[in-house]
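> Provided below are the primary sequence and the corresponding predicted coordinates.
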Amino acid sequence: MNEAVKTPLLRMAKRTSISPAAAWAIRLGSIVLALLLGSIAVAITGNNPIQAYGTMIKGSLGSKVYLRQTIKIAIPLLGCALAIAPCFKMRFWNIGAEGQITAGALAATFVARNLTGKVPSVLLLTLMCLAAIVGGGVWGLIPGFFKAKWNTNETLFTLMMNYIIIGVVAWLQIGPWEGRQGRMAQFDPAACLPKVGGVHCGWIIVLLLVVFIHVYMRYTKHGYEISVIGDSMNTARYAGMNVGKIMMRTMFLSGAICGIVGFVVCSGANNTLASDIANGVGFTSITVAWLSQLNAFAMIVISMLLAILTKGADTLQTQLMIPASISDIIIGLLLFCMLGCEFFINFKLIWRSKRGGKEAA
């Protein structure tokens with residue numbers, strides 16, 4: 001006797017399509033949920049959640065000084081997200097942005113230490129930027145070469161490369177390049193980026209990179225090849241594409257842009273080099289890239305949002321005496337909900353119907 005196959009009470013199915021309005025409604029709903037959950041964490045400390053969120057906004061956007069500090073936080077986030085976007089589009093998981101930023105900053109610092117006072121400031125900054133491009137690009141090219149030649153695991157390879165270059169800078173910091181108290185000396189003013197609008201001109205550089213990456217990914221042959229490899233490596237090979245060469249080229253580009261970020265941070269924000277110069281940006285930018293769906297212009301919004309949260313969280317600690325851990329919880333909840341909402345955009349939950357074995361979505 002045949003037994004009827006029971007339909008599960010709840011199952012998941014991939015959506016064939018979803019309207020833009022519905023997708024954005026899910027995203028906005030995830031933000032509201034994150035804010036509500038964050039309110040619980042704030043309330044536990046005995047503070048008013050509405051007041052806390054208001055303090056975060058004022059502390060990040062409430063004055064020109066705060067706004068400039070927020071922009072400084074957003075600059076490396078945006079630049080690094082732009083850098084890893086081509087790799088992720090190709091499904092090459094570059095987790096080595098931290099090291100590529102550090103390598104670029106190291107190369108720029110080498111030029112600054114050896115050419116300051118010998119060439120004009122404009123030429124010095126140009127040479128520092130070019131050195132950062134080469135330094136970051138080469139550091140990205142190494143795992144790209146190994147992947148193309150021997151199909152190594154790029155996630156582990158790029159991750160381990162971070163520790164190598166950070167260790168090199170840490171050695172220089174307390175060794176040959178040591179200044180005072182275990183830190184390197186500050187750059188000469190000639191090696192520092194000029195300010196535009198009260199913020200170092202790195203913000204102009206990353207906005208130019210936004211346009212470059214948008215055009216590169218959407219309207220060039222290289223961008224088309226990256227998309228084809230991301231969809232199917234076999235298809236790319238069948239079409240006659242040199243997959244290994246494209247991988248190496250893309251990783252050099254990614255590392256080069258990270259190198260520019262390293263130059264901007266060391267020459268514009270910090271005015272020196274340190275082993276922690278990347279400061280976690282390489283990992284946080286992965287979130288920026290995914291939330292923006294690898295859209296260069298959307299990355300501007302996401303980077304600013306995270307910068308507002310980061311700067312606002314610092315204000316919570318100083319003005320309302322809310323522990324830094326609570327601020328981290330709020331940021332973590334928001335990121336978790338924003339990333340998690342993509343699941344509901346791509347999949348739907350289907351409940352078993354009580355009538356006639358039919359299912360209801």
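Now that the structure is in, tell me what you want to look at. Numbering: from 1, shown residues only.

> please identify the helix or strand for W351.
strand 347-352 (DSSP states H and E).

> Provide the strand pairings for that strand, with the direction of each partner.
Here strand 347-352 is paired, per DSSP bridges, with strand 10-14 (antiparallel), strand 359-360 (antiparallel).

> lowest-confidence stretch among the ones you listed?
For the strands paired with strand 347-352, mean pLDDT drops lowest on strand 359-360, to a mean of 50.

> low-confidence regions, the stretch 1-150 of the chain specifically.
1-7 (pLDDT under 70).

> nearest to A170, out of the strands paired with strand 347-352?
For A170, the closest of these is strand 10-14, at 46.0 Å, according to C-beta to C-beta. (Glycine included, C-beta is placed from N, CA and C.)

> which other residues reach the helix or strand following that closest one?
Reading on from strand 10-14 to the C-terminus, the next helix or strand found by DSSP H and E is helix 20-44. Helix 20-44 is contacted by residues 48-49, 52-53, 322, 326, 329-330, 333-334, 336-338, 340-341, 344-345 when judged by C-beta atoms under 8 Å, 6 or more residues apart in numbering.

> go through helix 20-44 and flag the buried ones.
Within helix 20-44, the residues scored as buried using 16 or more other C-beta atoms under 10 Å are A23, I26, R27, S30, L33, A34, L37, G38, S39, A41, V42.

> need the residues you listed in TSV (columns: distance to P194).
Below are the buried residues of helix 20-44 laid out as TSV (distance: C-beta to C-beta, whole Å):
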residue	distance to P194
A23	41
I26	43
R27	38
S30	40
L33	43
A34	38
L37	43
G38	39
S39	42
A41	41
V42	40
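
> name the helices or strands packed onto the strand or helix carrying N162?
For N162, the enclosing helix or strand under DSSP H and E is helix 154-173. Where contact means 3 or more C-beta pairs under 8 Å, 6 or more residues apart in numbering; DSSP states H and E, helix 154-173 is packed against helix 97-115, helix 121-150.

> just to revisit the earlier point, how about the strands paired with strand 347-352, which one is nearest S292?
strand 10-14 (21.8 Å).

> now the closest one: how far from the chain's centre is it?
Its chain's C-alpha centre and that of strand 10-14 lie 31 Å apart, by C-alpha atoms, centre = their mean, to the nearest Å.

> alpha carbons only: can I get it in CSV?
C-alpha atoms of strand 10-14 as CSV (Å, rounded to 0.1, in the frame of the first residue of the first chain):
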residue,chain,number,x,y,z
LEU,A,10,7.6,24.7,6.7
ARG,A,11,10.2,24.7,3.9
MET,A,12,12.3,27.1,2.0
ALA,A,13,12.3,27.8,-1.7
LYS,A,14,14.5,30.1,-3.9
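
> deepest of the helices and strands packed on helix 154-173, which one?
Stretch with highest mean neighbour count among those: helix 97-115 (a mean of 27; mean count of other C-beta atoms under 10 Å).

> before we move on, back to that, got the helices and strands packed on helix 154-173 as a markdown table, with distance to A296 columns?
Shown next, in a markdown table, are those (distance: least, C-beta to C-beta, whole Å):
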| stretch | distance to A296 |
| --- | --- |
| helix 97-115 | 16 |
| helix 121-150 | 19 |
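
> helix or strand for Y66, which one?
Counting by DSSP H and E, Y66 is part of helix 64-89.

> that helix - contacts with which helices or strands?
helix 49-61, helix 97-115, strand 199-200, helix 202-219, helix 221-231, helix 243-264, helix 281-291, helix 296-319.

> can you redo these as a markdown table with distance to N271?
A markdown table is the format used below for the helices and strands packed on helix 64-89 (distance: least, C-beta to C-beta, whole Å):
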| stretch | distance to N271 |
| --- | --- |
| helix 49-61 | 23 |
| helix 97-115 | 10 |
| strand 199-200 | 9 |
| helix 202-219 | 12 |
| helix 221-231 | 35 |
| helix 243-264 | 11 |
| helix 281-291 | 17 |
| helix 296-319 | 20 |
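
> between these, which gets nearest to L159?
Closest among the helices and strands packed on helix 64-89, using C-beta to C-beta: helix 97-115, at 8.6 Å.

> what about I329, neighbour count?
18 (other C-beta atoms under 10 Å).

> again with M321
With other C-beta under 10 Å as criterion, M321 counts 10.

> you'd agree it is in a strand?
No - per DSSP: H, G, I helix; E, B strand; the rest coil, M321 lies outside any strand segment and is coil.

> among the contacts of helix 20-44, which ones are buried?
49, 52-53, 322, 326, 329-330, 333-334, 337-338, 341, 344-345.

> related to what we said a few turns ago, which one of the helices and strands packed on helix 154-173 lies nearest to D276?
helix 97-115 (8.9 Å).

> how big is the angle separating the closest one from helix 64-89?
120 degrees (axes from the mean of the first three to the mean of the last three C-alpha atoms, to 10 degrees).

> once you drop chain neighbours, what's closest to the residue nearest to the spatial centre of the chain?
Central residue of the chain (C-alpha atoms, centre = their mean): S285, 1.2 Å from the mean position. Distances taken as C-beta to C-beta, 6 or more residues apart in numbering place C80 nearest to S285, at 3.7 Å, with adjacent residues excluded.
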